[in-house]
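Colleague: Could you look at this predicted model? Sequence included:
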Amino acid sequence: MIRSAVRMGLLTLAIGMFAAPALAQDDVGFDSPLRPGDVLRVSVWPDTDLSGEFPVEIDGNVYLPFLGGVRAIGIPGDELRRQIREGYQSAQRNAVVTVTPLYRIGVTGSVRRPGAYMVPPTDGFFDVIATAGGFDLRAREDRVSVIREGQVIVLNAKDAINKGETLPLDALTLRSGDQIIVPFGAEPWSRRDWIALGNFLISLILLYDRIQN
């Protein structure tokens, strides 16, 4: 019985030693400033009751369990992460805390699922397009725009996909509040359009046959 208890204790300790670094690996840097509507994904180990996704409120704070209101707007990402980590570690010395921002990115126009998406800093332009379901048949992939604080970045996503050309770094690295606009091109042909074309071609063939006879 004692031997089993000791073995179980060693196993629990080993799991903890490997689990804590795994959580720390999820921490990613973020340079883009946060805005109201963004979200902080906070993970606290081993007290997972403190973990969750918490929005940045209009007053510029994010309200976290145990810590209460923490200023998020106007604070560099590394400093914000340090404050949150030290706050939880002051109550639990060995706590492993990861903080990942989720930026609010808008996608409108000719995609399958337009809308606002919460994405981590590791997601780039094409990741967000994929999250929105990808380009639809009418998309002008060569004239996609990223709107950022009044600046318009025009991208040729078609050449990037077909020819492997690189996109501007500013577009690949999205920031909070970016709006991706995919313009509509020509409407794809409907079944009725194809039937009309078929009838027209048949009429031409019949007319040509009649003239020949």
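Modeller: Thanks, I have it.
Colleague: What backbone torsions are found at Arg82?
Modeller: phi -60, psi -40 (degrees, to the nearest 10).
Colleague: how's the protein carved up into domains?
Modeller: 2-103, 104-182 (automatic domain parsing).
Colleague: Of these, which shows the lowest average pLDDT?
Modeller: Ranked by mean pLDDT, the domains of the chain end with domain 2-103 at the bottom, a mean of 79.
Colleague: just how off-centre is that domain within its chain?
Modeller: 20 Å (C-alpha atoms, centre = their mean, to the nearest Å).
Colleague: same thing with stretch 102-121?
Modeller: 7 Å.
Colleague: circling back: rebuild the domains of the chain as CSV, extending it with mean neighbour count and distance to Leu204.
Modeller: Where you see a C-beta, it was placed from the backbone N, CA and C, and this is true even at glycine. Output for those, formatted as CSV (neighbours: other C-beta atoms under 10 Å; distance: least, C-beta to C-beta, whole Å):
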stretch, mean neighbour count, distance to Leu204
domain 2-103, 15, 56
domain 104-182, 16, 28
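Colleague: Adding distance to Phe200, write those domains out as a markdown table.
Modeller: Converted to a markdown table, those look like this (distance: least, C-beta to C-beta, whole Å):
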| stretch | distance to Phe200 |
| --- | --- |
| domain 2-103 | 51 |
| domain 104-182 | 23 |
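Colleague: out of these, nearest to Asn199?
Modeller: domain 104-182 (23.6 Å; C-beta to C-beta).
Colleague: how about the strands in the protein?
Modeller: Here the chain has its strands, by DSSP state E, at 39-45, 52-55, 61-64, 68-71, 96-109, 115-119, 144-148, 151-155, 179-182.
Colleague: Describe which strands the second one pairs with in its sheet and in which direction.
Modeller: Using DSSP bridges, strand 52-55 pairs in its sheet with strand 39-45 (antiparallel).
Colleague: Which residues does the strand it pairs with contact?
Modeller: Residues outside strand 39-45 that contact it (C-beta atoms under 8 Å, 6 or more residues apart in numbering): 19-20, 23, 26, 34, 50-56, 62, 64, 72, 84, 88, 95-102, 104, 118, 120.
Colleague: picking up where we left off before, please convert the strands of the chain to TSV, extending it with distance to Leu201.
Modeller: Output for the strands of the chain, formatted as TSV (distance: least, C-beta to C-beta, whole Å):
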stretch	distance to Leu201
strand 39-45	56
strand 52-55	57
strand 61-64	64
strand 68-71	69
strand 96-109	34
strand 115-119	41
strand 144-148	36
strand 151-155	39
strand 179-182	34
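Colleague: What's opposite the most centrally placed residue in the chain in the beta bridge?
Modeller: Centroid-nearest residue in the chain, with C-alpha atoms, centre = their mean: Val119, separated by 2.5 Å. Val119 forms beta bridges with Tyr103, as assigned by DSSP bridges.
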